[in-house]
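Trainee: No sequence on hand, only this structure:
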């Protein structure tokens, strides 16, 4: 079995969640990309907006051994992550937490599809806090949708409306950032920044921002 199938099987207790996990881990290109980038990292990983722990399970099934701390504001999702994922693999922890109040941490950071649920002021604050927590030689991997006026951007807006109607994500209006707003906190000489499309076979305007802090 592939890492995607093995990770999704953590959620066989729920037909709906199992189906979601299989589709997400198999077809979302960010999962394999993040695993490839982090597989050789000796640094701990902070997963911001970890949901039910699917990414952590996928990383473990892909051979990523580092300690992982996942934070998520939805207590119900944290309960599932703790029951279905944390006990299946070593060195995994999940706890209720908010990106606006990140724990003390130093290492690598991943934040997938979370930033646009924050206001612009909060986005900048959170990105600044992420910058403080990426250790020398470490990286932050941030996937978001850019507000660029493309057809993919408008397709993403429609998709987000359906996600909110479903109740899977709670909250108000989305605030999609520009590319410049996301990369601005990492503009110093100690940073190396790259951006790549990360929408795979979907019509959505997803991009992965990879930020590396150069070793001192």
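Mentor: Here it is on my side, so go on. Quick caveat: nothing in here was measured; it's all calculated off a predicted structure. Residues are numbered from 1 along each chain as shown.
Trainee: In the protein, what helix or strand scores lowest on average pLDDT?
Mentor: Using mean pLDDT, DSSP states H and E, helix 151-166 stands out as the lowest-scoring helix or strand of the chain, at a mean of 76.
Trainee: Against which helices or strands is the following helix or strand past it packed?
Mentor: For helix 151-166, the succeeding helix or strand toward the C-terminus, using DSSP states H and E, is helix 179-183. Where contact means 3 or more CB pairs under 8 Å, 6 or more residues apart in numbering; DSSP states H and E, helix 179-183 is packed against helix 120-133, strand 191-197, strand 206-213. Glycine gets a C-beta too; all of them are placed from N, C-alpha and C.
Trainee: residues in contact with helix 179-183?
Mentor: Applying CB atoms under 8 Å, 6 or more residues apart in numbering, the contact partners of helix 179-183 are 115, 120, 123-124, 127, 142, 144, 146, 148, 193, 195, 207, 209, 211.
Trainee: go again using 7 Å as the cut-off
Mentor: If you take CB atoms under 7 Å, 6 or more residues apart in numbering as the criterion, helix 179-183 is touched by 123, 127, 142, 144, 146, 193, 195, 209.
Trainee: Please apply the same query to stretch 87-99.
Mentor: Stretch 87-99 has contacts (CB under 7 Å, 6+ apart) with 10, 48-50, 53, 56, 60, 67-73, 75, 78, 81-82, 85-86, 103, 114, 126.
Trainee: Check those for burial and list the buried ones.
Mentor: Neighbour-count burial (16 or more other CB atoms under 10 Å) applied to the contacts of stretch 87-99 gives 10, 48-50, 53, 56, 60, 68-73, 78, 81-82, 85-86, 114, 126.
Trainee: Can you tell me which of these end up in helices?
Mentor: 56, 60, 78, 81-82, 126 (DSSP state H).
Trainee: what two of these are the furthest from one another?
Mentor: Greatest spatial distance among these (CB to CB): 60 and 126, at 26.0 Å.
Trainee: right, and residue 200 touches residue 30 too?
Mentor: No: shown here, residue 200 and residue 30 do not form a contact pair, counting by CB atoms under 7 Å, at 8.1 Å.
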